[in-house]
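Student: here is a sequence together with a model predicted from it:
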Amino acid sequence: TGLSRPQRILKAVQKNATKGNPESVIAAIDHYCRHSEWAMNVGDEKGLILDSVVTEVNPSTALELGTYCGYSTVRIARLLSPGTKLITLEFNPDYAAIARQIIAYAGLQDKVILVEGPSGDLIPKMKQQHGIKSFDFVFLDHWKDRYVPDTKLLEECGLLRKGSVLLADNVICPGTPEYLKYVRNDPRYESRYFKSNLEYTKVEDGLEKSVFLG
Ligand SMILES: Oc1cc(-c2ccc(F)cc2)cc2cncnc12
Ligand SMILES: [Mg+2]
């Protein structure tokens, strides 16, 4: 049945982007997904909000839940200071295989550690496997019913510290009502909604930024 959507996205990158140029990789994916076929990247509009939060936090340690094709991985990693690492977790091996190639095409493979597997199993291993004390920044962009359990897991594993920033995609569409209730009602979080649109559409979506107060 031919190429998968992630494979078609990789081809568009190889055809239209310049090796080692993350901006051109981002632009190639956005152009393809806006004009050829929609895909669940955070996209250019919400991507600008992601960029501004990453730049503000300037994390030494960052975690992404849900890699997909690596679009937001490239957006985040391109902004990291030298010597800092982004760990990204992806459950789907086919997505992971494409993401590795897109991250490498952008020239960011030395800043990114892509781990395949279920986030619920991998999060408790972060300290021992990657020598992580805590995460300064976490981007939640995986299955919506994992946002609350994985946030609780990060807390329980001591992976959040006073000031850690969580940024969650899709809090309106497809929607994560349980997660919004959790971070907005729990006094240990200071939460704020950044209104935007679902990638490549006019449908409302947004990002929720939540600072862990410890
Ligand atoms: O950004 C996203 C968007 C959608 C999605 C799919 C279908 C639809 F109709 C609307 C939205 C699904 C996602 C799953 N994981 C991570 N991110 C996602
Ligand atoms: Mg998303």
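Tutor: Yep, it's here. Ligands and ions are numbered 1, 2, ... in the order given.

Student: check contacts around Val211.
Tutor: 163-166, 189-191 (CB atoms under 8 Å, 6 or more residues apart in numbering). For every residue, glycine as well, the C-beta is placed using N, CA and C.

Student: repeat the analysis, applying 6 Å as the threshold.
Tutor: Listed by CB atoms under 6 Å, 6 or more residues apart in numbering, the contact set of Val211 reads 165, 190.

Student: is the closest residue to ligand 1 within the chain in a helix, a strand, or coil?
Tutor: Closest approach between the chain and ligand 1, counting by CB to the nearest ligand atom: Met40, at 3.9 Å. At Met40 the chain is in coil, as set by DSSP: H, G, I helix; E, B strand; the rest coil.

Student: okay, now it: neighbour count?
Tutor: 18 (other CB atoms under 10 Å).

Student: that one and Cys69, how far apart?
Tutor: 9 Å (CB to CB, to the nearest Å).

Student: mind listing the strands for this protein?
Tutor: 61-65, 85-90, 112-116, 135-140, 160-168, 189-197, 204-212 (DSSP state E).

Student: walk me through which strands the second one pairs with, and which way each runs.
Tutor: Just to be clear, that refers to strand 85-90. In the sheet, strand 85-90 lines up against strand 61-65 (parallel), strand 112-116 (parallel) (DSSP bridges).

Student: before we move on, back to that, how about the residue of the chain closest to ligand 1, nearest residue that isn't a chain neighbour?
Tutor: Tyr68 (6.2 Å; CB to CB, 6 or more residues apart in numbering).
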